[in-house]
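Q: This is a predicted model, with the sequence first.
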Amino acid sequence: GPEVDMHCNTARRGNSNSRSGSKVKEEKPKKGQARRSKAKEKKKVLREQCEEECRQDEEAPKCSKNHRNEKAKTEERGDFKRKTKDSCDEERNHISSDSSSESEELSADEEESQEEKDVLTQEELEKLKEAVEEKKKLIANLRGKPWPMSKKLVTLRESQEFVEKYEGALGKGKGRKLYAYKVMMMKKWMKFQRDFENFRTACIPWEMKIKEIESHFGSSVASYFIFLRWMYGMNMILFGLTFGLVMVPEALMGRPYGSMPRKTVPRSEQAGAMDFAVLWDFGGYAQYSVLFYGYYNNQRAIGWLKFRMPLSYFLVGVGTVAYSYMVVIRTMARNANRDGGGDDTSFNFSWKMFTSWDYLIGNPETADNKFASITTSFKESIVEEQESHKDENIHLTRFLRVLANFLVLCCLAGSGYLIYFVVRRSQKFALEGLENYGWWERNEVNMVMSLLGMFCPMLFDVISSLENYHPRIALQWQLGRIFALFLGNLYTFIIALMDEINLKRREEEVVKYNMTVWQASLYNGTVDDNSTTSTIPVDPADVPRGPCWETMVGQEFVRLIVSDTMTTYITLLIGDFLRAVFVRFFNYCWCWDLEYGFPSYSEFDVSGNVLGLIFNQGMIWMGAFYAPCLPALNVLRLHVSMYLQCWAVMCCNVPQERVFKASGSNNFYMAMLLVILFLSTLPAIYTIVSIPPSFDCGPFSGKKRMYDVIQETLENDFPLWFGKVFSYASNPGLVLPFILVMILAIYYLQSTSKTYKAANMDLKKKLQTRQVQGW
Amino acid sequence: MGTTASQLPKDLLSEYQELTFLTKQEILLAHKRFTELVAKEDRNDPSPRVPMSKILTLPELKSNPFRKRICHVFSTSESKDGSLTFEDFLDLLSAFSDSATLEIKSHYAFRIFDFDDDGTLDRGDLEKLVNCLTGETDDTRLTPEEMKQLINNILEESDIDKDGTVNLSEFQHVISRSPDFVSSFKIVL
């Protein structure tokens, strides 16, 4: 009808001309006023029509009063529902054929009022903006809609046309230039974001390697390598921090080697300082370098930049821990969001059915294995479901389980004692001079720890066969025990180290006393002149040195990590590679089939390797404060591990027969990492807070406590009021209430989350009963 | 292969980036692999269609027990023969990509498992599903009693309205709680 023509002409005029706003000509009285009032009525009719359609159509947003919006929405709805589309097409055809008669009349009218009323009323502007925003949201969400590509392309093009058409219209009025600028910046920003995402994915290393492993071994083995890669990224950042802010400034701007006692190899050690054996042990020139704590000078500001070295050292130490916490917690939160809240055992069968196939598998042999494992798992769960109602011999099982736990505890205690004993023995050797002993005695501690880490898990495996658990639960127990083993070993090691530190500190007292004696002896040789107190030039190598306990701690950790790495690689080569070679080539001349029988090819032990990686990282966190070279060492180690293990997996391992993940989600390993992070920063924090630093080595020498450097910086480098504010803030009267408020907040959040969970359960039940009732 | 007809025009490439979860490199790689599969005589066709038999030679799909269903679900051919155009192929890769949302993955998973295309998973569909998963050989199949028991258990767990079938929302409800689904429902070229 005519109202449609008018409305359509308006739209077309809008398109073809200056893209101005709608031609609502309500205010100014003109010759066409009568027609205009008729137009208003017809607008009302059209609006009602539109609302009618809106009500029927669930997807359309609320109706607007602006006709162009109505038209646009009809266009939009036409994309979703064919019938409306058809009717819209019909309308359009109808319009184009019928418009000629009315158009001349209207066009003159409209041209006049077009110049007058260029601005949309506020309300219509809002509605138009809303429509444009909706279109933009639609475009952003298009990729998440399960439509075929052709439909998505059509919708995209139409929506983009709409947005372009009317975006310009929105820019009328005062804010026009600003709006257009904003729109352009938004577009540029989106494009930049997309390019950056593309660039970022291109930069991810080792993608092809991991993909190959995924297709051969499935996603659980590949998850280890993805974890390794993530660790590598984190260690790169830690390396960047320690290298850039600690090692490089001291090397470039600090005093050079040989200029101070702490930076020089003592005369007594100089003979063997360059020997490979000494260097491998991180003594000699390696010890008196930027790699360890002892080399750093305690000068407050060095170089022309006035770089505050001690402050930087302290802050980098704190910063590495803080960064690690942030990254681990952020990853945990992301994983938790994705997995939707943890393990539920209420959908066992459905999950087995719908989610057990691994779509990444591309290798037929792996696929066969997967089929077999799925079948076994189905059969087992069916049997279990039936047997869960049966009552077995509970008492025997319980007794056996208690026995098994007792054996494990004995094992753990035994290994802890062994380590303690070995560390004390090594102290004895050190006192008597290490030259008298062979290689084994020198490296006893590290070897014992590594060997324990290798053999005890096997022992636990054997013991757990007593327990008769479901394989998934048995795996969790196994992981828990290995975790306890590593933790126990590490802490025993630290306790033994503490003893050594105390020993060194007593030695330091002796050296300090001897120092005064030695200095007096120096002056005795020259004329006793009270007026000129010139310092006699002494070669730094001859000055008596205190035992620098911090460097000793750093060295111990570095040695531990090196020996751990070596043990891992050697086990890999012998346990996997040589075994595979043996099975492959000796199979021809052996009595039984080696490939299916006893040795056979080894499987890749995902959980064992992940635990090893986590503990390695724990040791890095522990030692990084005293040996800034540790993150660098770790980056190197992870790099080599990646290539070596990728090769070993593809070459020597076979896909696992039964795939039981330790837990459904990645958060299990992340949680362990978080615990280790917490536990490994505790000893470092303890030593920083309670033990006074050595008097002649390191950036904090001469201070009473290492954290005094903060106090010093506040006093000297910041304005006075800052120090006052800080002292108020660290007042216990302020800190205690703050802690109290935080505890209250945690309690509140926990109780709300409990309420949400309960509400969830309620709704679930309601849904079930409602559905059942409905039928 | 070096002809300009086989190159993706830039604006189309950016539209595909907008409409799928794939990055630019992934789309270009998909284009390369797809054109390798196109028969010689169809090379100059603007939107060539590759028959299902050729798609199934891709190593990523070859060992998958649901490969035929995947082709049928993503195919837009009128003759329902499972052949794919390049856009269908992109849809496939986008749904199986790492960054695809749970909703889209579960939607397509449902359609893949719906062997008779009736919009629900009834006993017949579930039986066929189990048979696909347990392999082709006789000694790995389940016995009829085991099959019945298994399907009963599944329906008990997932069928909320107790109508004997699993519809899309029940399926999505079950899947959304699974921790393994998103990481295993992935195909990467």
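A: Cool, got the structure.

Q: Alpha carbons of stretch A:547-561, as PDB, please.
A: Taking C-alpha atoms only, stretch A:547-561 is exported to PDB below (Å, rounded to 0.1, in the frame of the first residue of the first chain):
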ATOM      1  CA  PRO A 547      83.200 -18.800  53.800                       C
ATOM      2  CA  CYS A 548      80.400 -17.300  51.800                       C
ATOM      3  CA  TRP A 549      77.400 -19.500  52.800                       C
ATOM      4  CA  GLU A 550      75.100 -18.000  50.200                       C
ATOM      5  CA  THR A 551      77.300 -19.000  47.300                       C
ATOM      6  CA  MET A 552      77.600 -22.400  48.900                       C
ATOM      7  CA  VAL A 553      73.800 -22.800  48.900                       C
ATOM      8  CA  GLY A 554      73.700 -21.600  45.300                       C
ATOM      9  CA  GLN A 555      76.400 -24.100  44.300                       C
ATOM     10  CA  GLU A 556      74.600 -27.000  46.100                       C
ATOM     11  CA  PHE A 557      71.400 -26.300  44.200                       C
ATOM     12  CA  VAL A 558      73.200 -26.000  40.900                       C
ATOM     13  CA  ARG A 559      75.000 -29.200  41.400                       C
ATOM     14  CA  LEU A 560      71.800 -30.900  42.400                       C
ATOM     15  CA  ILE A 561      70.000 -29.800  39.300                       C
END
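
Q: Would you pull up how far it lies from the middle of the chain?
A: Relative to its parent chain, stretch A:547-561 has a centroid offset of 29 Å by C-alpha atoms, centre = their mean, to the nearest Å.

Q: same check, this time on stretch A:185-195
A: 26 Å.

Q: can you list contacts of that stretch?
A: By C-beta atoms under 8 Å, 6 or more residues apart in numbering or on different chains, the surrounding residues in contact with stretch A:185-195 are B:Gln17. For glycine as for every other residue, the C-beta is placed from the backbone atoms N, C-alpha and C.

Q: quick one: buried residues of it?
A: For stretch A:185-195, a neighbour-count test (16 or more other C-beta atoms under 10 Å in any protein chain shown) marks nothing as buried.

Q: so where do the strands sit in chain B?
A: Using DSSP state E, the strands of chain B run over B:49-50, B:84-85.

Q: any chance of these in a markdown table, plus mean pLDDT, distance to A:Asp708 and mean neighbour count?
A: Output for the strands of chain B, formatted as a markdown table (pLDDT from 0 to 100; distance: least, C-beta to C-beta, whole Å; neighbours: other C-beta atoms under 10 Å in any protein chain shown):
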| stretch | mean pLDDT | distance to A:Asp708 | mean neighbour count |
| --- | --- | --- | --- |
| strand B:49-50 | 88 | 73 | 19 |
| strand B:84-85 | 89 | 70 | 24 |
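
Q: Tell me which of those sits nearest to A:Leu396.
A: Closest to A:Leu396 of the strands of chain B, according to C-beta to C-beta: strand B:84-85, at 59.4 Å.

Q: Parallel or antiparallel, list what pairs with that closest one.
A: Sheet pairing here is set by DSSP bridges, and for strand B:84-85 it gives strand B:49-50 (antiparallel).

Q: who's in contact with the strand it pairs with?
A: If you take C-beta under 8 Å, 6+ apart as the criterion, strand B:49-50 is touched by B:34, B:37-39, B:42, B:77, B:83-85, B:89.

Q: Same check on stretch A:709-719?
A: When contacts are defined by C-beta under 8 Å, 6+ apart, stretch A:709-719 is touched by residues A:300, A:308, A:310-311, A:314, A:699-700, A:703, A:722-723, A:726.

Q: Run the chain-centre distance for that stretch.
A: Averaging C-alpha positions (C-alpha atoms, centre = their mean) puts stretch A:709-719 34 Å from its chain's average.

Q: buried residues in that stretch?
A: Residues A:709, A:713-714 are the ones in stretch A:709-719 that count as buried (16+ other C-beta under 10 Å).

Q: Turn the residues you listed into JSON lines, including distance to A:Met234.
A: Below are those laid out as JSON lines (distance: C-beta to C-beta, whole Å):
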{"residue": "A:Val709", "distance to A:Met234": "26"}
{"residue": "A:Thr713", "distance to A:Met234": "28"}
{"residue": "A:Leu714", "distance to A:Met234": "31"}
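
Q: so the most centrally placed residue in chain A is in which element?
A: Nearest residue to the geometric centre of chain A (C-alpha atoms, centre = their mean): A:Thr331, 3.9 Å. Element membership for A:Thr331, per DSSP states H and E: helix A:309-339.
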